[in-house]
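J.: can't give you the sequence, but here's the structure:
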């Protein structure tokens, strides 16, 4: 449903984009497309040099005789090369402002006006910044984003009756819709998304750090914004990192310095947010744009810094059981404290004496609504690692709990905890994600208290639902129900002595996930994972290119040149394709259409194990029932030659892995793939240990008619562990050209364990042997993770050494392995 209360996104004129302007300049000057470079080869050499070689390496490369005599570029030195790069169109200009600070000696005076009592007490800090309006103009006018940008809010519904809301992109959320009501007729809102986080630059030694601030806009689709290669986020500034002796990271003066710098950076948004500014958009239309701060992505300490409150408080609430903070009221409280009125609410709300917060003058902005939920720091690094892992380890005991992680079956992309989890010294964001996939299954048998397992499963349910790429009113209800289930069972941790209370800010923050989703769409568009990834490109790699002395000015210059090269590459791509009507994807195309018309699997052109005998398959692949399974499969094929009979002289081509396309789901990615591995142990010589055997488990569709009637991911599924085969000989005896898989069946899904809410299954046998079969690879729906039901007490050492499915009797289908499996088998349904 479109916004109809008054005109939105009005067009005032037509104009040319920056790419078209560049093309006109080149044609008017009679220059080639690759100017200032001679041709495509010289440009591609320049692009490679600027991206991969440091400055000294450039000088050495350009002075090589082979470069000067054979390649003969127009630039013969680093100086000439940089001069050519600097002729390319540059992005928003950098500027540096010096800020004079006085440590904690003076608190009430504005930064920049402080008189120093002595040289040792004062210091000048550098604030590097760009104009945020220029950055918004750069993004909203970039033709690269054509087809992935919106100018008006929408209300999307999951049902034809318009009863169930659908939230994914920022323009489907309530914030844009409600803000549009207060804007002039015809206004185009640009939701500004900020992200900041301090990061270390030096590795192993040194204390160099940076505090980058990133800017993106909610008009660009979140899938584009999440991809670093799309360059949909711009580095807005580097905040100063102080090193004064009396100026530690938690001092009040450091808080004031942050707000003072952010106010400097965002000052241009005050006027443009009120009056608007005309900008050329990617569709060559001129609109009056109102850039408004909509979301601020940060971890918990920085959220509290933004909200001007102590770190043991909620940055969005007055206190845990109290209502949402009000920006106008908070501003008045801070002003009253600054004028020595000392209001009681200043202490009651846990506020800090920051009397001029950067957000106080920003129009149409409620900073407490802007602060987004943070899955990475609040849940994965916070609740899961710092609390749940510690509590459950204390209950189960380190050796017992570690043994279950060591015995966890392998799965593509899943970290194997060789020493358990208690001995991990340094955790990464990827490690936290891996832990959430297997944490619940490791509790079975290790902890006798069912409420501990139920509480843990409820939290993991919550975070999996929160990670959906789209949300509806139904999934939001499931999210709330999962959190309510945790609160229902959480008292067991108090009874067992793990915790005295649950006054935990990161636990309380989960109550704000629903409001963040309703305001801004699904949480993947406002998560700190993206800003953490941006640190690599905009801080760490940039610092490595400098000489590590007075590095910030070098970093800004290097980044500006990088952005110029990226812009010019985008211009060349546009120039080569601007006459094509099919340059951009059809926005009305269905993801399911692409799946049905495209290949459902990818397999190597040549087999990894060619022309292997049945004896080889039995010995190394464990295919003990291969001959019988092949006979049964051939008999199911139409027009099978009645005299054909498989025998021991036949040979088969075997493949070590296959990649299958996963069926699209409503709330998970539509372009996901799964790799299924199946190979015996491989020797790596005398110096390295052998590569262990891998035979993955998969879900197989055996009732295609029911699948078609039900639609989507339904029907009967059996999880086998499989061996991929192809080119069944002798050729020409039947019309079947698809690769097939040899499988050992498990029994069909039937029983759900009510404690962990997972299917419990066991192996299928026939005549005391594995029940084997052969199926076409097109019936492989997705890979799955089978976890043995761990016994109470010690884990069998054989399970720890096993690299495929352990020799257990009972298994759980791990519904937490990925979002595809979880979406199909989640139990917290409306």
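T.: Nice, thanks for sending it over. Not measured: the values here are computed from a predicted model. Numbers count the residues shown, from 1 in each chain.

J.: Locate the residue nearest to residue 569 when sequence neighbours are not counted within the secondary structure: which element?
T.: Closest residue to residue 569 in three dimensions, ignoring its sequence neighbours and counting by C-beta to C-beta, 6 or more residues apart in numbering: residue 47, at 6.6 Å. All C-beta spots, glycine's among them, are computed from the backbone N, C-alpha and C. Using DSSP states H and E, residue 47 sits in helix 40-52.

J.: Go through that helix and flag the buried ones.
T.: Using 16 or more other C-beta atoms under 10 Å as the test for burial, helix 40-52 gives 42, 43, 45, 46, 47, 49, 50.

J.: and the longest helix along the chain, average pLDDT?
T.: Across the chain, the helix with the greatest residue count (assigned by DSSP state H) is helix 551-577. Averaging pLDDT along helix 551-577 gives 92.

J.: how big is the angle separating that helix from helix 40-52?
T.: 150 degrees (axes from the mean of the first three to the mean of the last three C-alpha atoms, to 10 degrees).

J.: chain center to helix 551-577: distance?
T.: Computed by C-alpha atoms, centre = their mean, to the nearest Å, the chain-centroid distance of helix 551-577 equals 24 Å.

J.: Tell me, what's the model's pLDDT at residue 216?
T.: Residue 216 is assigned 97 on the pLDDT scale.

J.: In contact with residue 324, which residues?
T.: Residues in contact with residue 324 (C-beta atoms under 8 Å, 6 or more residues apart in numbering) are 316, 317, 318, 368.

J.: Let me see the ranges of the helices in the stretch 651-800 of the chain.
T.: Along the stretch 651-800 of the chain, the segments classed as helices by DSSP state H, counting those that start in this stretch run 704-710, 797-801.

J.: Output the below-cut-off pLDDT ranges for the protein.
T.: For the chain, the stretches flagged by pLDDT under 70 are 102-122, 204-206, 242-250, 320-322, 579-599, 639-644, 670-671, 703-736, 801-804, 827-830.

J.: ok, longest strand in it?
T.: Across the chain, the longest stretch assigned as strand under DSSP state E is strand 285-297.

J.: Mind listing what's buried along that strand?
T.: 285, 287, 288, 289, 290, 291, 292, 293, 294, 295, 296, 297.

J.: swap in stretch 519-534?
T.: So for stretch 519-534, counting by 16+ other C-beta under 10 Å, buried means 519-532, 534.

J.: Any idea how far apart the tips of that stretch sit?
T.: Across its full length, stretch 519-534 reaches 24 Å between end residues, using C-alpha to C-alpha, to the nearest Å.

J.: Return the distance of that stretch from the chain's centre.
T.: Stretch 519-534 sits 7 Å away from the centroid of its parent chain (C-alpha atoms, centre = their mean).

J.: could you redo the contacts of residue 324 as TSV and give each row secondary structure and distance to residue 766?
T.: Listed next are these as TSV, based on DSSP: H, G, I helix; E, B strand; the rest coil; distance: C-beta to C-beta, whole Å:
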residue	secondary structure	distance to residue 766
316	coil	59
317	strand	61
318	coil	66
368	helix	63
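
J.: which one of these has the most neighbours?
T.: Per-residue neighbour counts (other C-beta atoms under 10 Å) across the contacts of residue 324 peak at residue 316, which has 24 neighbours.

J.: if I pick it, what's in contact with it?
T.: By C-beta under 8 Å, 6+ apart, the contact set of residue 316 is 307, 324, 325, 368, 371, 509, 512.

J.: Now residue 17: phi and psi?
T.: Per-residue torsions, residue 17: phi -80, psi 170 (degrees, to the nearest 10).

J.: from what I can see it touches residue 141, true?
T.: Yes. Counting by C-beta atoms under 8 Å, residue 17 does reach residue 141; the two are 5.8 Å apart.

J.: list residues touching both of these two?
T.: 280, 282.

J.: how deep is the spatially closest residue to residue 453 that is not a sequence neighbour tucked in, by neighbour count?
T.: Distance criterion C-beta to C-beta, 6+ apart; nearest residue to residue 453, sequence neighbours excluded, is residue 443 at 4.8 Å. By other C-beta under 10 Å, the residues close to residue 443 number 25.

J.: One more: residue 66?
T.: A count of nearby residues for residue 66, using other C-beta under 10 Å, gives 8.

J.: dump the residue contacts of residue 434.
T.: Each residue near residue 434 by C-beta under 8 Å, 6+ apart is listed here: 414, 415.
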